[in-house]
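**Q** okay, sequence plus prediction incoming.
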Amino acid sequence: MKPSNGRFDSPAGPGAIACTPGGMEGGSDADLAGRVLLVAASVASAKPLMQRLRDAGWDVVRYRTVREGIRVLASPAAGPALFDIIVWDQTRGAPADAPGRCRALAAVSRRPLLVLSSPQHTADDRVNLLNGGADSVLRMPAAWPEVLAELRVLTRRRPAPARDRPEPEDWVRVGPLELSLARREMRLDGGRVALTLREFDLLHYLAVNHDRAVTRPMALDAVWGYDAPASPAAVDVYIGYLRRKLLPAAGRIAIHTVRGVGYTLTAHLPNAGSR
């Protein structure tokens, strides 16, 4: 990667994916880095931000829409305790009801909400977002140290984890399957199973939506990004990979094809057989 000029440029601009080695100016952010739930519709916008946050020591989980983020935050299996801050990327434009969506995010999580706004946002737009529940609105493009400073300010008052207290529950469990977002780890009957990043993201999306049909476009949007150069056939290929990984628990958990729709992950009672 080319070295950065110290700014987090607009995703459409040159050098948008560049980052400094280590990604930390001043070296003080590693102690405060935590877990970010990133809401970003555009993969082109999300990639440079995710890269720089990870280089600065943050663990980032991206969802395409506010609705998907709310679903995860409201889930007992992977609720708000998993995340330290929510970042909503609006650098590619904001929906007309953006303040309402801020309120919806704030309603399911007490974690701070940082909105990255576009240059087209007016002062009134930013005020409406703050009144809607955002804790901070940062106008982009901004200097990267300023982005890190906002994260530092918004998360500095979070309680430090006690040494004798277990980590927040972040496992999604479906029958014999367990998935940890923080560790990017899959277990089947307690044993670890190796997955690629793409396999993990797809299986996690199926697990969060278990027993519900997931269409190919939904999977593409959530895992690849709506503007990624991938076709629905890519989903089918990765479903095949995942089915092979689940074979040791065949009969108790399976990814079923919903004809004309997509796929669903379902756990079965022992000896119930599979469809």
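**A** Done, it's in. Numbers count the residues shown, from 1 in each chain.
**Q** in the stretch 51-200 of the chain, which spans are strands?
**A** Per DSSP state E, counting those that start in this stretch, the stretch 51-200 of the chain carries strands over the ranges 59-63, 85-89, 113-117, 136-139, 142-143, 171-174, 177-180, 185-188, 191-193.
**Q** for the ones you listed, which one sits closest to R71?
**A** Nearest of these to R71, taken as C-beta to C-beta: strand 59-63 at 8.3 Å. All C-beta spots, glycine's among them, are computed from the backbone N, C-alpha and C.
**Q** just want the angle from that closest one to strand 85-89.
**A** Between the axes of strand 59-63 and strand 85-89, defined by axes from the mean of the first three to the mean of the last three C-alpha atoms, to 10 degrees, the angle is 50 degrees.
**Q** average pLDDT for strand 59-63?
**A** Here strand 59-63 scores 85 as its mean pLDDT.
**Q** can you list the neighbours in contact with it?
**A** Applying C-beta atoms under 8 Å, 6 or more residues apart in numbering, the contact partners of strand 59-63 are 33-40, 46, 50, 53-54, 69, 72, 83, 181-182, 222.
**Q** could I have the ChimeraX command that selects the buried members from these?
**A** A single ChimeraX command is used to select the members of those judged buried by 16 or more other C-beta atoms under 10 Å:
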select :33,34,35,36,37,38,39,40,46,50,53,69,72,83,181,222
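**Q** returning to that earlier point: let's have the strands of the stretch 51-200 of the chain in a markdown table, adding distance to R101.
**A** A markdown table is the format used below for the strands of the stretch 51-200 of the chain (distance: least, C-beta to C-beta, whole Å):
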| stretch | distance to R101 |
| --- | --- |
| strand 59-63 | 13 |
| strand 85-89 | 8 |
| strand 113-117 | 10 |
| strand 136-139 | 13 |
| strand 142-143 | 22 |
| strand 171-174 | 24 |
| strand 177-180 | 27 |
| strand 185-188 | 31 |
| strand 191-193 | 36 |
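**Q** can you redo those as JSON lines with distance to P95 and mean neighbour count?
**A** Listed next are these as JSON lines, based on distance: least, C-beta to C-beta, whole Å; neighbours: other C-beta atoms under 10 Å:
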{"stretch": "strand 59-63", "distance to P95": "15", "mean neighbour count": "20"}
{"stretch": "strand 85-89", "distance to P95": "11", "mean neighbour count": "25"}
{"stretch": "strand 113-117", "distance to P95": "12", "mean neighbour count": "25"}
{"stretch": "strand 136-139", "distance to P95": "15", "mean neighbour count": "19"}
{"stretch": "strand 142-143", "distance to P95": "22", "mean neighbour count": "14"}
{"stretch": "strand 171-174", "distance to P95": "28", "mean neighbour count": "18"}
{"stretch": "strand 177-180", "distance to P95": "30", "mean neighbour count": "21"}
{"stretch": "strand 185-188", "distance to P95": "34", "mean neighbour count": "18"}
{"stretch": "strand 191-193", "distance to P95": "38", "mean neighbour count": "12"}
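**Q** low-scoring stretches of the stretch 151-275 of the chain, by residue?
**A** In the predicted model, the stretch 151-275 of the chain carries pLDDT under 70 at residues 157-170, 182, 225-229, 269-275.
**Q** how close does W224 sit to S45?
**A** With distances taken as C-beta to C-beta, to the nearest Å, W224 is found 14 Å from S45.
**Q** neighbour-wise, which of those two wins?
**A** S45 (24 against 20; other C-beta atoms under 10 Å).
**Q** which phi and psi does that one have?
**A** Per-residue torsions, S45: phi -80, psi -40 (degrees, to the nearest 10).
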